[in-house]
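Asker: 3D, please:
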Amino acid sequence: MYDIGTIIAVKQVIEKEIESTKEHIVYNVDNLEALAYAKGKLNGMELLLQDLKDLQKGEDE
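Answerer: As a prediction, the model looks like this:
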């Protein structure tokens, strides 16, 4: 149903963005508002990545 190549490509983009956001949190956040925003963004991306993994797992079964 879903193209596996597309799912893998999207997962890779999300994983890169997660790493970028983690680096941003460590090196560039200078106030609590920016930290809260970055943490929310990171949480959303991690949830999306998990949903994609679950969809892919469901396809394999």
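Asker: biggest helix in this protein by residues?
Answerer: The helix that spans the most residues within the chain, counting by DSSP state H, is helix 32-60.
Asker: tell me the contacts of the residue nearest the centre of the chain?
Answerer: When the chain is reduced to its mean C-alpha position, the closest residue under Cα atoms, centre = their mean turns out to be residue 45, at 3.0 Å. Residue 45 makes contact with 14, 17, 18, 21, according to Cβ atoms under 8 Å, 6 or more residues apart in numbering. Heads up, the C-betas are built off the backbone N, CA and C, glycines and all.
Asker: In helices, which of the residues you listed appear?
Answerer: The helices in this structure, assigned by DSSP H, contain 14, 17, 18, 21 from the contacts of residue 45.
Asker: which of those residues tops the neighbour count?
Answerer: Most neighbours among the ones in helices among the contacts of residue 45, by other Cβ atoms under 10 Å: residue 21, with 19 neighbours.
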